[in-house]
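S.K.: compute the structure for the input listed below.
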Amino acid sequence: MQTNFFRAALLGLAILSSLFIVLPSHAQSIETVGYSFCSQGGSLCTDGDFPDAGLVQGTDGSFYGTTSIGGTHQTAANNAGTVFRITSAGVLTTLYNFCSLAACGDGALPNSPLIQGTDGNFYGTTSQGGPYGGGTVFKMTPAGALLTLYSFCRVVTGTICGDGVNPTGLIQGKDGNLYGTTEYGGVDTGGNGGPGTVFRITPSGAFTTIYSFCNVTSCLDGLYPNFGLLQGADGNFYGTTTGGGAGGAGTFFEFTPAGALTTLYSFCTQGGSSCTDGGAPGKPIQGKDENFYGTTALGGANNFDGGTVFKLTPAGVLTTLYSFCSAGTYPDCTDGENPGSLIQAANGNFYGITEFGGTNIDYGNGGGTVFQVTPTGTFTNIYNFCALGGVDFCTDGLEPIGVIQGTDGNFYGTTASGGANYNGEDGGANGGGTVFKLALAAKQTPTVTLKATPNPVAVGQTVTLTATVSGSTNGTPTGYVDFTFQGAPENPVELSSAGVATLQVSTQDFQVTTYPATVTYLGSSAYNSSSSTAINVVVSKAKSGTALAATPNPAQNGQTLVLTATVSGEDIGPTGTVTFSVGSTTLGTASLALDGGGSGVLDSDAQLSASTNVLAPGTYPVVATYSGDGLYNGSQTSAYNVVIEKAMTTTTVSGEPNPVTPPANVTLIAAVRRSATGAAGVPTGTVTFYYQTMTLGSGTLNEAGEASITASTKGLPAGTYPITVKYSGDTYDAASTSSALSITVN
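M.R.: Next comes the predicted model:
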């Protein structure tokens with residue numbers, strides 16, 4: 001079995017092909033559409049042979065392709081090839097036979113897909129022929145009139161075709177010009193026999209070589225670009241090389257229209273000699289998510305010859321979505337081996353072929369497969385070739401080349417060999433190839449339901465939308481759903497194996513109202529698209545939580561008491577007012593102000609400053625009541641005990657005159673003050689003056705909190721007399737005693 005990158009020996013396979021409908025495993029039968037290649041012209045197949053370039057669907061709905069060999073100018077010693085048109089009903093028309101000019105001056109061996117330009121004409125390449133033998137770029141009208149735009153190997157340096165040789169694949173750029181690659185040729189700075197090029201050609205044939213590979217030491221920029229290009233959403237061009245790069249097994253590159261090249265990824269830089277990241281990448285595509293997807297013919301986690309499906313971000317981060325040879329024992333890889341290029345179908349999944357492998361391993365290493373991979377890497381083997389005709393013929397085809405999705409939703413492609421028409425000219429037990437249609441089973445319309453949890457949902461909370469897609473005889477629906485809902489993040493969402501998809505939406509920026517929600521199933525190969533009945537998601541006011549604190553607590557009479565109510569919410573700060581009360585008595589109201597909160601919750605505070613002068617000492621059960629606002633329901637604290645104590649006092653005494661000479665009188669003055677910081681108010685009540693334990697007299701505190709008595713010194717012997725004052729306290733103030741005042745009597 002061949003395992004090189006290019007499978008050149010496949011050109012020697014037999015010369016027969018036919019058009020088939022291939023149905024998935026749940027379908028009923030294989031049906032011949034009505035045309036088989038090599039049904040004309042005997043052993044040399046004048047109607048074409050070996051259709052190994054795949055198909056393109058024209059604007060007229062028909063399919064267009066090439067056969068690498070065969071045609072009216074095919075000889076035993078010379079390959080020619082054709083361009084054909086075939087309808088979905090199997091009616092084939094040969095539009096052009098190559099080698100119509102002497103020495104195949106119009107080209108030979110077309111083995112790359114056609115494209116249809118914006119002008120309606122078809123453009124393609126031949127890998128051989130032309131006046132210089134290096135292949136051609138041609139334009140062909142839908143009626144089959146062919147014009148050669150450029151012939152390669154026109155510029156020769158030594159033995160190297162400086163302008164390239166063996167062109168592979170074209171695209172039409174956004175500027176209207178054609179862009180492509182040559183597998184070999186170019187400016188050879190590394191002794192590689194021509195490392196390949198990127199070229200641009202106008203629809204009128206003006207040719208420019210944009211880049212020659214192996215332009216960097218050790219060919220770190222790649223060798224042998226074999227699969228053409230794609231133009232990304234950013235306007236730059238992207239492609240692959242099958243050799244070179246840091247790992248030696250090919251590169252994924254980007255270059256600007258001006259020709260500045262950047263290597264985004266070098267293959268075989270993971271896994272050592274096993275190349276778990278793959279080797280020999282094929283032509284990439286850009287997915288709907290703007291990441292790049294593609295395959296490698298070699299490498300992977302299971303066997304060096306298995307290959308992979310990969311995703312590459314525009315920044316060059318590679319993820320291996322699937323490694324082939326995950327099923328079966330190499331070389332009998334029942335899940336397939338050596339994958340070809342991908343397409344992304346309308347249902348969002350990726351489809352492709354494997355050239356070898358599959359469950360029908362009686363023929364060699366299997367006839368190849370058609371597979372499906374989801375963007376997250378879920379793999380399904382859709383069809384295994386060589387299912388019909390036995391090991392000698394494989395009438396349903398052998399070694400598929402690629403698939404496209406037609407406008408009818410079905411998949412179309414070619415196989416390089418196999419088919420219904422046996423031709424012994426090549427010893428051709430393999431047959432000559434097929435054009436196949438992967439006809440999808442009759443689609444059904446699934447039931448799509450949607451629910452929201454919780455519903456109602458409080459503003460600021462997250463609501464989970466759950467879509468359930470239910471099928472019937474076609475099995476559980478697969479694919480994607482698209483949620484339509486206020487504030488829904490990026491869609492679509494892939495269904496689980498149970499046909500369920502969920503999406504979480506934060507209602508942080510929602511209003512208190514009703515929002516409609518629907519979900520649409522995007523369809524698949526087995527099911528039509530379908531939408532749910534709209535449901536109403538009710539966004540209600542959120543719960544609030546109110547907490548209360550008092551500073552200071554306990555508080556002394558006369559101090560200012562600060563009551564602070566904190567109202568917490570879900571991501572949005574509550575607004576409105578808070579009322580503070582004790583029983584039925586309202587202490588006051590205050591407005592909320594956002595304080596920032598913490599732990600993802602936004603809090604708002606309201607503060608009320610209250611004097612305690614009018615509050616008798618005791619315990620007061622204070623309640624804070626939040627009024628609510630447009631987003632939050634109101635809330636209330638439980639009773640919060642605020643303790644009011646008697647004010648602590650300080651009593652002082654002074655005397656005038658001091659010293660005093662008998663018989664003069666001395667005036668004793670007592671002053672009582674509240675001692676707590678910031679305590680307002682003046683103590684009331686009486687004070688008593690003492691000389692030691694002897695009562696000298698009493699007085700009532702005035703508005704300034706002072707009282708005085710007059711004491712006679714007549715008859716007192718000279719000496720020092722300690723005087724103290726005791727304050728008896730009142731309803732709001734605690735008793736206190738002064739320090740001793742020494743009165744000196746001369």
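
S.K.: for the rest of this, base every contact and every neighbour count on C-alpha atoms.
M.R.: Noted.

S.K.: how far away from the center of its chain is stretch 272-290?
M.R.: Centroid separation for stretch 272-290 versus its chain: 19 Å, with Cα atoms, centre = their mean, to the nearest Å.

S.K.: now for Cys394: which residues touch it?
M.R.: By Cα atoms under 8 Å, 6 or more residues apart in numbering, the contact set of Cys394 is 367, 385-388, 418-420, 430-431.

S.K.: name the nearest residue to it, ignoring sequence neighbours.
M.R.: Excluding the flanking residues, the one nearest Cys394 by Cα to Cα, 6 or more residues apart in numbering is Cys386, at 4.4 Å.

S.K.: please identify the buried residues of stretch 539-553?
M.R.: By 16 or more other Cα atoms under 10 Å, the buried positions in stretch 539-553 come out as 539-550.

S.K.: what do you get for stretch 347-359?
M.R.: Neighbour-count burial for stretch 347-359, counted by 16+ other Cα under 10 Å, picks out 347-359.

S.K.: hang on, the earlier thing: which one of the buried residues of stretch 539-553 sits closest to Gly235?
M.R.: Nearest to Gly235 out of those is Val539 (Cα to Cα; 43.6 Å).

S.K.: for the closest one, give the beta-bridge partners.
M.R.: Val457 (DSSP bridges).

S.K.: now Tyr412, nearest residue through space, not along the chain?
M.R.: With sequence-adjacent residues excluded and distances taken as Cα to Cα, 6+ apart, Tyr412 is closest to Lys437, at 4.5 Å.

S.K.: on the secondary structure side, give me the element for that neighbour.
M.R.: For Lys437, the host element (DSSP states H and E) is strand 434-438.

S.K.: partner strands of that strand, parallel or antiparallel?
M.R.: Strand partners for strand 434-438, identified by DSSP bridges, are recorded as strand 17-22 (parallel), strand 411-417 (antiparallel).

S.K.: distance from the chain centre to that strand, please.
M.R.: With Cα atoms, centre = their mean, you get 35 Å for strand 434-438.

S.K.: I'd like the next helix or strand past that strand.
M.R.: strand 447-453.

S.K.: return that following strand as PDB; C-alpha atoms alone will do.
M.R.: Backbone C-alpha positions of strand 447-453 (Å, rounded to 0.1, in the frame of the first residue of the first chain) are rendered in PDB as follows:
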ATOM      1  CA  THR A 447     -40.000  18.700  17.900                       C
ATOM      2  CA  VAL A 448     -38.200  21.600  19.600                       C
ATOM      3  CA  THR A 449     -39.100  22.600  23.100                       C
ATOM      4  CA  LEU A 450     -37.700  25.300  25.300                       C
ATOM      5  CA  LYS A 451     -37.800  26.000  29.000                       C
ATOM      6  CA  ALA A 452     -36.300  28.500  31.300                       C
ATOM      7  CA  THR A 453     -35.100  27.900  34.800                       C
END
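
S.K.: direction included, what does it pair up with?
M.R.: When pairing is defined by DSSP bridges, strand 447-453 lines up against strand 462-470 (antiparallel).

S.K.: need the contacts of Cys394 in CSV (columns: distance to Thr374).
M.R.: Listed next are those as CSV, based on distance: Cα to Cα, whole Å:
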residue, distance to Thr374
Gly367, 23
Phe385, 22
Cys386, 25
Ala387, 25
Leu388, 28
Gly418, 29
Gly419, 30
Ala420, 33
Asn430, 32
Gly431, 33
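
S.K.: quickly list what Val56 is bridged to.
M.R.: With DSSP bridges as the criterion, Val56 is bridged to Tyr64.

S.K.: that one reaches Pro113, doesn't it?
M.R.: Yes. Counting by Cα atoms under 8 Å, Val56 does reach Pro113; the two are 7.2 Å apart.

S.K.: find residues that contact each of those two.
M.R.: Gly65.

S.K.: still on that earlier bit, lowest-confidence stretch among the strands paired with strand 434-438?
M.R.: For the strands paired with strand 434-438, mean pLDDT drops lowest on strand 17-22, to a mean of 42.

S.K.: could you pull out the helices for the stretch 451-600 of the chain?
M.R.: Applying DSSP state H, counting those that start in this stretch to the stretch 451-600 of the chain gives no helices.

S.K.: low pLDDT regions in it?
M.R.: Scanning the stretch 451-600 of the chain for pLDDT under 70 picks out 525, 571, 596-600.

S.K.: can you map out the strands along it?
M.R.: Under the criterion DSSP state E, counting those that start in this stretch, strands of the stretch 451-600 of the chain are mapped to 457-458, 462-470, 480-484, 493-494, 500-506, 514-521, 530-531, 535-540, 545-551, 555-556, 560-568, 577-582, 585-591, 593-594.

S.K.: per-domain residue ranges of this structure.
M.R.: Following automatic domain parsing, one finds the domains of the chain at 16-438, 447-537, 545-645, 649-745.

S.K.: most tightly surrounded among these?
M.R.: For the domains of the chain, the largest average neighbour count (mean count of other Cα atoms under 10 Å) is found in domain 16-438, namely a mean of 22.

S.K.: what residue in this structure is the furthest from its centre?
M.R.: The outermost residue of the chain relative to its centre, with distances by Cα atoms, centre = their mean, is Gly715 at 105.1 Å.

S.K.: show me what contacts that one?
M.R.: Going by Cα under 8 Å, 6+ apart, Gly715 touches 662-663.

S.K.: that one and Thr667, how far apart?
M.R.: According to Cα to Cα, to the nearest Å, Gly715 and Thr667 sit 17 Å apart.

S.K.: got it, and Gly176?
M.R.: Distance of Gly176 to Thr667, given as Cα to Cα: 115 Å.

S.K.: just Leu495 next, same as before
M.R.: With the distance defined as Cα to Cα, Leu495 ends up 99 Å from Thr667.

S.K.: got it, and Thr737?
M.R.: Taken as Cα to Cα, the span from Thr737 to Thr667 is 19 Å.

S.K.: can you give me the strands for the stretch 51-200 of the chain?
M.R.: Counting by DSSP E, counting those that start in this stretch, the stretch 51-200 of the chain has these strands, from start to end: 55-57, 63-67, 82-86, 92-97, 115-116, 122-126, 136-140, 146-151, 156-157, 160-161, 165-172, 178-184, 197-201.

S.K.: what about the stretch 101-250 of the chain, any weak spots by pLDDT?
M.R.: Residues of the stretch 101-250 of the chain that meet the cut-off, pLDDT under 70, sit at 189-192.

S.K.: same check, this time on the stretch 251-400 of the chain
M.R.: Short version for the stretch 251-400 of the chain, where the test is pLDDT under 70: 330, 361-364, 389-393.

S.K.: bridged to the residue nearest to Tyr412, which residues?
M.R.: Ile21, Tyr412.

S.K.: distance of it from Thr414?
M.R.: For Lys437, the distance to Thr414 (Cα to Cα) stands at 9 Å.
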